[in-house]
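*Asks:* Following is a predicted model, sequence given first.
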Amino acid sequence: MLVCIDAGHGIETAGKRSFDGTLREYEFNRDVAQRLKKYLELAGVKVVLTAPTDADVSLAERRRIANEAKADVFVSIHANAYGTTWNDVRGWEIYIWKRGGQAEKIAEAIRAESIPLLGLKDRGVKEENFYVLRETNMPAVLIEHGFYTNKEECELLKSGDFREKCAIADAKGILRWAGIPFVQAPVGTPILGSPQATVGQAKAWAKKRGATEEFINLANLYWSIASPVRPEVAYAQAAKETGFGKFGGAVTPDMHNPCGLKVTKPKGDAREDHARFPDWLTGVKAHRDHLALYAGAPGYPLKNTPDPRHFERIKGTATTVEALGGKDKWAPNPDYGKSIVRDYLSDLMATEEDGSAPKPGDNTGTPAPATDADRPKAGVVLVPNAKMQNVAGELWFGDGYRGRGLYICVGNGRWYPVWLQPKG
């Protein structure tokens, strides 16, 4: 099943904020959308987002994304508003275009899960001629999760706990309608997900811990290609496995094996029992694929992967870092995954970026101008839009590399590093 999640409005949408300015609706919508995505994917449901960034997306574009993806369900996430001053209007409601179809059944299922969990006044299922409900080709619902023009509900809407409940209720309702069991998020440190640390943090941490220059620079690869795995998780594990690039065991740097992966049929723990990769790009991809498979990432196992131990039987057997240790896991020591979090990842997350380049989101001052040495060389092109993804506030382009001293200012007024990609 494929669900299209539509986070309503955007950073430039006029109004759409609480009277005291402490809540902007687009931010609530996107937060709940990401949380909902997490729960649907845990249940094995595929998800497409109409608004993966803070930017405004037109109604026509939202419709196009949903229809071209041939989604089975369209769910629009919103918070409600009424009046021009704080007032007592409150409650939860959900909209459909017309009664009598699958959209009404989905709405009733979400309603049945939401009212008891959220504790809000039930304003029911309502018909409305909203564009995204009328023009999408699949059953579509639009959920209003409370009023930010009501002081009490505005405080709820700002709460992370309440947002988590909204996502759980929405997910449970959708899954109830589809006949798919709900899967509770595991307790521990998730392996899959968006980055929670920047590549700058990772490099500063590795340098602080005495890593080799080669290992420090591997952070670029991890933050470029680790998705759907959190890059900081994989990088922290690589630090543990390689001794911050110093190795010292059976695996050596020339094997380009950052995580100690063994061959398909090892006979022991000698050098020849460990996988050798032609370069670091291939080695990091193998690391990513092995972690993603353990965590049960959608679409895994892959048909084509450099991971020599890409066995279907391990899929979903370790969704958290802590679960990587134990019998039939990545390492037999039950403390293995806990050690990654305790001794490596926690310190990485607490490390601040260093260096003189503007940090992601810093819109003060003027970035350093590019020098001739920084400009594109023959065979290299700037890629301003193609295959672009926002990773922890930095723009990355495929498997490209960073152009030192090159920066761009995007529409939100923030400076970001430019990344270059080999031509072709």
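*Replies:* Ah, there it is. Numbering: from 1, shown residues only.

*Asks:* can you give me the strands in the protein?
*Replies:* Counting by DSSP state E, the chain has strands at residues 2-7, 46-49, 73-80, 92-96, 122-127, 140-147, 380-382, 388-391, 394-397, 401-409, 415-422.

*Asks:* Please identify the buried residues of stretch 171-190?
*Replies:* 171-178, 182-183, 188-190 (16 or more other C-beta atoms under 10 Å). Yep, even glycine has a C-beta here, placed from its N, CA and C like the rest.

*Asks:* out of these, who's nearest Asn304?
*Replies:* Pro190 (25.7 Å; C-beta to C-beta).

*Asks:* How many residues are close by the closest residue to Arg24 other than its chain neighbours?
*Replies:* Once flanking residues are discounted, Arg24 sits nearest to Arg17: 4.5 Å by C-beta to C-beta, 6 or more residues apart in numbering. When counting by other C-beta atoms under 10 Å, one arrives at 18 neighbours for Arg17.

*Asks:* where's Arg17 relative to Thr50, distance?
*Replies:* Between Arg17 and Thr50 the computed distance is 21 Å (C-beta to C-beta, to the nearest Å).

*Asks:* Show me where the stretch 251-400 of the chain has its helices.
*Replies:* 280-295, 336-339, 346-350 (DSSP state H, counting those that start in this stretch).

*Asks:* dump the residue contacts of the residue nearest to Arg24.
*Replies:* 23-25, 148 (C-beta atoms under 8 Å, 6 or more residues apart in numbering).

*Asks:* Who are the contact partners of Glu144?
*Replies:* Shown in contact with Glu144 (C-beta under 8 Å, 6+ apart): 78-80, 92-95, 123.

*Asks:* Distance check, it against Ile174.
*Replies:* Taken as C-beta to C-beta, the span from Glu144 to Ile174 is 16 Å.

*Asks:* Spit out the contact partners of the residue lying closest to Asp347 once chain neighbours are set aside.
*Replies:* Ranked by C-beta to C-beta, 6+ apart and with sequence neighbours excluded, the top spatial neighbour of Asp347 is Trp205, at 6.3 Å. Neighbouring residues of Trp205 by C-beta under 8 Å, 6+ apart: 347-348, 351.

*Asks:* most neighbours, which of those?
*Replies:* Leu348 (22 neighbours).

*Asks:* so what's that residue up against?
*Replies:* Contacts of Leu348 (C-beta under 8 Å, 6+ apart): 197, 201-202, 205, 232, 235-236.

*Asks:* give me the low-pLDDT residue ranges for the stretch 301-424 of the chain?
*Replies:* 354-424 (pLDDT under 70).

*Asks:* Most widely separated two among the contacts of Arg17?
*Replies:* So, the contacts of Arg17 by C-beta to C-beta: farthest apart are Arg24 and Tyr148, at 8.9 Å.

*Asks:* the more surrounded of these two?
*Replies:* Legend: neighbour count by other C-beta under 10 Å for Arg24 and Tyr148, higher for Tyr148 (26 against 20).

*Asks:* mind checking how far that one is from Gly173?
*Replies:* From Tyr148 over to Gly173 (counting by C-beta to C-beta), the distance is 22 Å.

*Asks:* same thing with Pro253?
*Replies:* Taking C-beta to C-beta, one finds Pro253 at 51 Å from Gly173.

*Asks:* Over to Asn150?
*Replies:* Taking C-beta to C-beta, one finds Asn150 at 23 Å from Gly173.

*Asks:* what do you get for His310?
*Replies:* Distance from His310 to Gly173, by C-beta to C-beta: 35 Å.

*Asks:* And Ala275, by the same measure?
*Replies:* 44 Å.

*Asks:* Just the pLDDT for the nearest residue to Phe244 once chain neighbours are set aside.
*Replies:* Using C-beta to C-beta, 6+ apart and skipping residues adjacent in sequence, the residue nearest Phe244 is Ala211, 3.7 Å away. Note on Ala211: pLDDT of 97.

*Asks:* check contacts around Ala211.
*Replies:* 239, 244-246.

*Asks:* Of those residues, which is the nearest to Asn217?
*Replies:* Closest to Asn217, out of all of those and judged by C-beta to C-beta, is Gly245, at 9.4 Å.

*Asks:* For burial, what's the neighbour tally of that closest one?
*Replies:* Gly245, neighbours per other C-beta under 10 Å, totals 19.

*Asks:* contacting residues around it?
*Replies:* 211-212, 214-216, 218, 253 are the contacts of Gly245 under C-beta under 8 Å, 6+ apart.

*Asks:* Same check on Phe247?
*Replies:* Per C-beta under 8 Å, 6+ apart, neighbours of Phe247: Pro253.

*Asks:* how close does it get to Ile340?
*Replies:* 17 Å.

*Asks:* Ok, Phe28 next?
*Replies:* 33 Å.

*Asks:* And Ala60, by the same measure?
*Replies:* Distance from Ala60 to Ile340, by C-beta to C-beta: 46 Å.

*Asks:* Show me which of those two is the more surrounded one.
*Replies:* Ile340 (26 against 11).

*Asks:* so who does that one touch?
*Replies:* Ile340 neighbours (C-beta under 8 Å, 6+ apart): 233, 236-237, 240, 321, 324.

*Asks:* can I get those in CSV with neighbour count and distance to Ala55?
*Replies:* Below are these laid out as CSV (neighbours: other C-beta atoms under 10 Å; distance: C-beta to C-beta, whole Å):
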residue, neighbour count, distance to Ala55
Val233, 29, 28
Ala236, 28, 31
Gln237, 27, 33
Lys240, 18, 38
Val321, 28, 32
Leu324, 28, 36
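
*Asks:* Just send the residues you listed back as CSV, with distance to Arg134 too.
*Replies:* Compiled in CSV, the contacts of Ile340 are given as follows (distance: C-beta to C-beta, whole Å):
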residue, distance to Arg134
Val233, 42
Ala236, 48
Gln237, 48
Lys240, 53
Val321, 45
Leu324, 48
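
*Asks:* Thanks a lot, catch you later.
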